[in-house]
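Chemist: sequence and computational prediction follow.
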Amino acid sequence: MEKEKIKELIIGHKERFLCRSDLIQREVQAEIARFLLQREIIFVTGVRRSGKSSLVRLICGDLLERGDVAPNDILYLNFDDERFSSFTVQDFASLYETFLELENPRGRQYLFLDEIQRIPGWERWLNRLYEFEDVRIFVTGSNAAMLSPEVATSLTGRHRQIAVWPFSFREFLALKGLSFDDKDSDRLLHSPKTKADIRRLFTQYVETGGFPEVARTKDATLLEQY
């Protein structure tokens with residue numbers, strides 16, 4: 001793949017990735033936070049449209065907020081982009097070199113790689129990065145791709161899997177603007193208006209199944225975040 005095309009993809013994908021805001025916090029973030037400073041590769045798996053891409057953006061936001069990472073340390077790419085159709089495992093070396101030239105990261109690099117299973121042999125490249133580079137890697141993909149025999153052979157003991165599901169009811173309520181802490185629940189649930197809203201939204205939640213894209217289309221005022 002031509003270097004100029006790789007450069008264009010790196011710049012464009014990162015700009016779009018970092019500009020996404022006002023995403024709904026996911027409950028699984030608390031679990032992931034315990035592993036952020038460890039070296040293991042994080043596999044974010046789940047069914048399509050369950051919010052995997054949004055979750056890695058939230059993880060990135062947590063790192064930026066904590067001051068653990070600077071923007072120029074970040075590489076984000078979504079291999080679902082049809083412009084990667086000619087990309088092969090041999091192009092990964094050029095990809096990484098181009099990223100270093102463009103961003104000139106000063107410390108550990110943080111790589112967020114969406115749907116990387118589109119590129120056959122990807123697991124061998126990640127294994128090399130894990131061995132020889134100062135990187136933290138987050139990848140998304142299907143369960144089948146992430147748990148294949150090839151991945152098990154290359155990355156056994158070097159990764160941790162995090163499963164993403166559609167919204168819980170609490171997350172769904174937050175999407176609809178009704179969120180509260182456990183300490184507030186007794187007070188709010190004594191409100192007839194709040195109880196009516198929760199019943200109405202629960203019916204909607206059962207109908208949509210909690211998939212972010214479907215839940216979003218129920219309210220035209222929501223940001224296009226998924």
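Modeler: Yes, it's here. Predicted, not measured: the structure shown is a model, and the values here were computed from it.
Chemist: quick one: end-to-end distance for stretch 70-79.
Modeler: With CA to CA, to the nearest Å as the measure, stretch 70-79 spans 23 Å from end to end.
Chemist: gap between the closest residue to residue 38 other than its chain neighbours and residue 104?
Modeler: Setting aside the residues directly before and after it, residue 38 is nearest to residue 160 in space (CB to CB, 6 or more residues apart in numbering), at 7.8 Å. Glycine gets a C-beta too; all of them are placed from N, C-alpha and C. Noted for residue 160: a distance of 29 Å to residue 104, by CB to CB, to the nearest Å.
Chemist: neighbour-wise, which of those two wins?
Modeler: More crowded of residue 160 and residue 104, by other CB atoms under 10 Å: residue 160, with 12 against 9.
Chemist: quick check on the residue nearest to residue 38: phi, psi?
Modeler: phi -130, psi 130 (degrees, to the nearest 10).
Chemist: so who does it touch?
Modeler: Counting by CB atoms under 8 Å, 6 or more residues apart in numbering, residue 160 makes contact with 35, 38, 40-43.
Chemist: for PyMOL, write a command that selects the buried ones of those residues.
Modeler: Listed next is the PyMOL selection for buried residues among those, using 16 or more other CB atoms under 10 Å:
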select buried, resi 41+42+43
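Chemist: what is the nearest of the contacts of residue 160 to residue 131?
Modeler: residue 41 (11.6 Å; CB to CB).
Chemist: give the bridge partners for the closest one, please.
Modeler: residue 159 (DSSP bridges).
Chemist: ok, it to residue 211 distance?
Modeler: Applying CB to CB to residue 41 and residue 211 gives a distance of 26 Å.
Chemist: what's in contact with stretch 129-140?
Modeler: So stretch 129-140 is contacted by 36, 39, 41-45, 52-53, 55-56, 59, 96, 107-116, 126, 146, 155, 158 (CB under 8 Å, 6+ apart).
Chemist: from the residues you listed, which land in strands?
Modeler: Of those, the ones assigned to strands by DSSP state E are 41-45, 109-114.
Chemist: now, among the residues you listed, which is nearest to residue 70?
Modeler: Of the ones in strands among the contacts of stretch 129-140, the one sitting nearest to residue 70 (CB to CB) turns out to be residue 110, at 9.4 Å.
Chemist: pretty sure that closest one contacts residue 64?
Modeler: No - with contact defined as CB atoms under 8 Å, residue 110 does not count as touching residue 64 (9.5 Å).
Chemist: quick one: low-confidence ranges for the chain?
Modeler: 145, 152, 180-190, 216-226 (pLDDT under 70).
Chemist: residue 110 and residue 64: who's more crowded?
Modeler: With neighbours defined as other CB under 10 Å, residue 110 and residue 64 compare such that residue 110 has more, 22 against 16.
Chemist: roughly how far apart are that one and residue 61?
Modeler: From residue 110 to residue 61 the distance is 12 Å (CB to CB).
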